[in-house]
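Novice: Based on what follows, work out the 3D shape:
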Amino acid sequence: RYREAEVNHGRVAMLSVVGFLVAESFHPLFGGQIIGPAIYHLTEVRQVQPEFFELLAVAIGIVETSRAQNGWTPPAQVEGKQFL
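Specialist: This is a model prediction of the structure:
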């Protein structure tokens, strides 16, 4: 279980590094309206698409909730060592 979480966190970290390095010269989203230093891109996204971050949070919540529901095993059904 921890291995899956660590692999996912590693993938997100690698994508974020690439995104931060490339964002100033290449930004295909929002019709190319996001320009300037990468440190100000989040503010510009809010100006171009005000509800973007709320929709993103809802989408991430749905995906993570469905993943948690599929991967969750109640403690009473775990075989082997019982810590509780």
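
Novice: where do the helices sit along the chain?
Specialist: Ranges of helices in the chain, per DSSP state H, are 2-22, 41-48, 52-71.

Novice: Would you mind pulling up the elements that the shortest one packs against?
Specialist: Contact analysis of helix 41-48 by 3 or more CB pairs under 8 Å, 6 or more residues apart in numbering; DSSP states H and E lists helix 52-71 as its packing neighbours. Just so you know, the C-beta spots here come from the backbone N, C-alpha and C atoms, and that holds for glycine as well.

Novice: Taking helix 2-22 as reference, get the angle to the helix it packs on.
Specialist: 160 degrees (axes from the mean of the first three to the mean of the last three CA atoms, to 10 degrees).

Novice: Just the C-alpha atoms of helix 52-71, please, in PDB.
Specialist: Provided in PDB are the C-alpha atoms of helix 52-71 (Å, rounded to 0.1, in the frame of the first residue of the first chain):
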ATOM      1  CA  PHE A  52     -10.600  26.800 -12.500                       C
ATOM      2  CA  PHE A  53      -9.200  25.900  -9.000                       C
ATOM      3  CA  GLU A  54     -12.600  25.000  -7.500                       C
ATOM      4  CA  LEU A  55     -13.300  22.700 -10.400                       C
ATOM      5  CA  LEU A  56      -9.800  21.200 -10.100                       C
ATOM      6  CA  ALA A  57     -10.300  20.600  -6.400                       C
ATOM      7  CA  VAL A  58     -13.700  18.900  -7.000                       C
ATOM      8  CA  ALA A  59     -12.200  16.700  -9.800                       C
ATOM      9  CA  ILE A  60      -9.300  15.600  -7.600                       C
ATOM     10  CA  GLY A  61     -11.700  14.900  -4.700                       C
ATOM     11  CA  ILE A  62     -13.800  12.700  -6.900                       C
ATOM     12  CA  VAL A  63     -10.800  10.700  -8.200                       C
ATOM     13  CA  GLU A  64      -9.200  10.300  -4.800                       C
ATOM     14  CA  THR A  65     -12.500   9.300  -3.100                       C
ATOM     15  CA  SER A  66     -13.100   6.600  -5.700                       C
ATOM     16  CA  ARG A  67      -9.600   5.400  -5.400                       C
ATOM     17  CA  ALA A  68      -9.900   5.200  -1.600                       C
ATOM     18  CA  GLN A  69     -13.200   3.400  -1.900                       C
ATOM     19  CA  ASN A  70     -11.800   0.800  -4.200                       C
ATOM     20  CA  GLY A  71      -8.500   0.300  -2.300                       C
END
